[in-house]
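Undergrad: Give me a model of this one.
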Amino acid sequence: MKQEEQRAPYIFLGVVMLIGSFVLFMTQRSLNDKIATAAESVLPAELTITVIQTPDCPLCFDVESAVSLLREQSVTLLRNDDVLQGSPQATDLIARYNISKLPTVVIEGEVDKEIILSFLEANTEPSGEARIWSAIPPPFVDAGDGLIAGLVDVTMITDTRCRVCKDPAAFVDFLVNSVGLVQNSTTTLDARDPAAKEILASHGIKTAPSVILSQDAEVYAQLIASWGQFGTVAPDGSFVAFLQDPPYIEVDSGKVRGLTTLTVLTDESCDACYDATTHKSILENTFGISLTSTATIDSASTAGKQLITKYKIEQLPTIILSGDGEAYPNLIAAWDTVGSVEDDGSFIFRNLALMGTYRNLSTGEIVTAQ
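TA: Numbering: from 1, shown residues only. Below is the predicted model:
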């Protein structure tokens, strides 16, 4: 009994040491696993890629640019194959991964590896065990029917009777640069041409210039989102832009809308008064007013006195915008707070305090801007 009592501490110590060794072993093993996992995570992702090419669509997305971007990431490409649309390999991949747009890149391998995941999530979509390149702008080939989508036929309607009207080609260039529009064909027609008349009638277009895009434009998401500010979508699916940014012409009447003239009515005796010629740049740059001419008239002249009497002008200097100011909706909306529109359609600026120092004609007083 005494011997057993003497051995007990040693047995307990042995058990403790055994447990400690086990814990140390497990801790070291866990640490080794973490080290191995960490080391593995920083290794390049091993991938295989298959590029499905579309040789019959030279204007389609340059899929090699996608491959170049992928190569710039932390990856090791074990295999890089090219297959052609219509080949057995391409047909199998399209069916297996439910691919809808071509050309594209099929990416297989370590697609879930953290070192590459954020890049793949930004540019591809998951399909089964692979990732399919999804950042494919128009034009592209519809993998279902094999037809090219996004090649747009553009028709521009002009009118030679309006030499000051804007060139609709500038609007088309804007679409090319802003939404990446790719043109299949471009046709320019005069509004009095029989073919143009048919288009104008079928689409309810009454002014020129105008631009019609074929239904193929429907695959441009950015264009769809903003088209409401340019025009409408016709029943046949074509996109009609009514470019009624003056000057433009009413096709039936031949009347050119938006032509105006500016008269600056000065007070040469008031050196402290604000410079009324600054209105010209405001009208042109802020409201897009098309000025055919600008005249400066002193209020002391016969012509100046006539204008003061005709329009009951009480403050100087000021401006008179004559002509077709009604063609500018933004000007009309803003003018209520700064002036008046007369019976003859002239716009008179009357809130001179907004501009600076002026003369009150009723009192002769020079009013200093606050």
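Undergrad: Any regions of this structure where pLDDT drops low?
TA: For the chain, the stretches flagged by pLDDT under 70 are 1-41.
Undergrad: again, only using 80
TA: By pLDDT under 80, the weakly predicted segments of the chain are 1-42, 369-370.
Undergrad: Can you list the residue ranges for helices in it?
TA: Listed from the start of the chain, the chain has helices (DSSP state H) covering 2-41, 63-71, 88-97, 114-123, 169-179, 194-203, 221-226, 278-287, 302-310, 329-335.
Undergrad: so how far is the fourth one from its chain's centroid?
TA: Relative to its chain's centre, helix 114-123 lies at 26 Å (C-alpha atoms, centre = their mean, to the nearest Å).
Undergrad: residue closest to the middle of this protein?
TA: S178 (4.9 Å; C-alpha atoms, centre = their mean).
Undergrad: Is it correct that it is in contact with Q222?
TA: Yes. In this structure, S178 is within contact of Q222 by C-beta atoms under 8 Å, at 7.2 Å. Where you see a C-beta, it was placed from the backbone N, CA and C, and this is true even at glycine.
Undergrad: and P58, how far is that from S214?
TA: Distance check for P58 against S214: by C-beta to C-beta, to the nearest Å, it reads 19 Å.
Undergrad: before we move on, what about A276?
TA: To S214, A276 is 49 Å away according to C-beta to C-beta.
Undergrad: next one: S238
TA: From S238 to S214 the distance is 6 Å (C-beta to C-beta).
Undergrad: H279 now?
TA: Counting by C-beta to C-beta, the gap from H279 to S214 is 43 Å.
Undergrad: Would you mind splitting this protein into its domains for me?
TA: Using automatic domain parsing, the domain parsing of the chain gives 1-36, 45-142, 150-250, 258-367.
Undergrad: distance between the second one and the chain's centre?
TA: Domain 45-142 has its average C-alpha position 26 Å from the chain's average C-alpha position, going by C-alpha atoms, centre = their mean.
Undergrad: ends of that domain, how far apart?
TA: End-to-end distance for domain 45-142, by C-alpha to C-alpha, to the nearest Å: 30 Å.
Undergrad: Same question for the last one.
TA: Distances were taken as C-alpha to C-alpha; on that basis the terminal residues of domain 258-367 are 34 Å apart.
Undergrad: which residues in the stretch 151-300 of the chain form strands?
TA: Ranges of strands in the stretch 151-300 of the chain, per DSSP state E, counting those that start in this stretch, are 151-158, 182-190, 207-208, 210-213, 231-233, 239-242, 248-250, 255-257, 259-266, 290-298.
Undergrad: Could I get the ones you listed in CSV, plus columns for distance to L283 and mean neighbour count?
TA: Formatted as CSV, those follow (distance: least, C-beta to C-beta, whole Å; neighbours: other C-beta atoms under 10 Å):
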stretch, distance to L283, mean neighbour count
strand 151-158, 26, 22
strand 182-190, 31, 15
strand 207-208, 22, 24
strand 210-213, 25, 25
strand 231-233, 26, 16
strand 239-242, 23, 21
strand 248-250, 18, 21
strand 255-257, 16, 18
strand 259-266, 7, 21
strand 290-298, 7, 15
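Undergrad: Present those strands as a markdown table; the columns should include distance to G325.
TA: Shown next, in a markdown table, are the strands of the stretch 151-300 of the chain (distance: least, C-beta to C-beta, whole Å):
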| stretch | distance to G325 |
| --- | --- |
| strand 151-158 | 24 |
| strand 182-190 | 28 |
| strand 207-208 | 18 |
| strand 210-213 | 23 |
| strand 231-233 | 24 |
| strand 239-242 | 20 |
| strand 248-250 | 15 |
| strand 255-257 | 11 |
| strand 259-266 | 6 |
| strand 290-298 | 10 |
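Undergrad: nearest residue to T155 other than its sequence neighbours?
TA: I212 (4.4 Å; C-beta to C-beta, 6 or more residues apart in numbering).
Undergrad: So that neighbour versus R161, what's the distance?
TA: Taken as C-beta to C-beta, the span from I212 to R161 is 20 Å.
Undergrad: neighbour-wise, which of A276 and S214 wins?
TA: A276 (22 against 18; other C-beta atoms under 10 Å).
Undergrad: Would you mind confirming that the more buried one is in contact with T263?
TA: No. Assessed by C-beta under 8 Å, A276 is found out of contact with T263, at 10.0 Å.
Undergrad: which residues are common contacts for those two?
TA: Here A276 and T263 share the contacting residues I319, scored by C-beta atoms under 8 Å, 6 or more residues apart in numbering.
Undergrad: OK, contacts around the residue nearest to T155?
TA: Taking C-beta under 8 Å, 6+ apart, we find I212 in contact with V154, T155, I157, I199, H203, A234, S238, F239, V240, A241.
Undergrad: Need the residues you listed in TSV (columns: distance to E268).
TA: Below are the contacts of I212 laid out as TSV (distance: C-beta to C-beta, whole Å):
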residue	distance to E268
V154	53
T155	53
I157	48
I199	54
H203	54
A234	56
S238	57
F239	54
V240	51
A241	47
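Undergrad: Out of these, which comes closest to E114?
TA: Within the contacts of I212, proximity to E114 (C-beta to C-beta) peaks at F239, which comes in at 43.5 Å.
Undergrad: roughly how far apart are the closest one and K166?
TA: 19 Å.
Undergrad: same deal with C273?
TA: Look at C273 and K166: by C-beta to C-beta, they are 36 Å apart.
Undergrad: Understood, closing this out.
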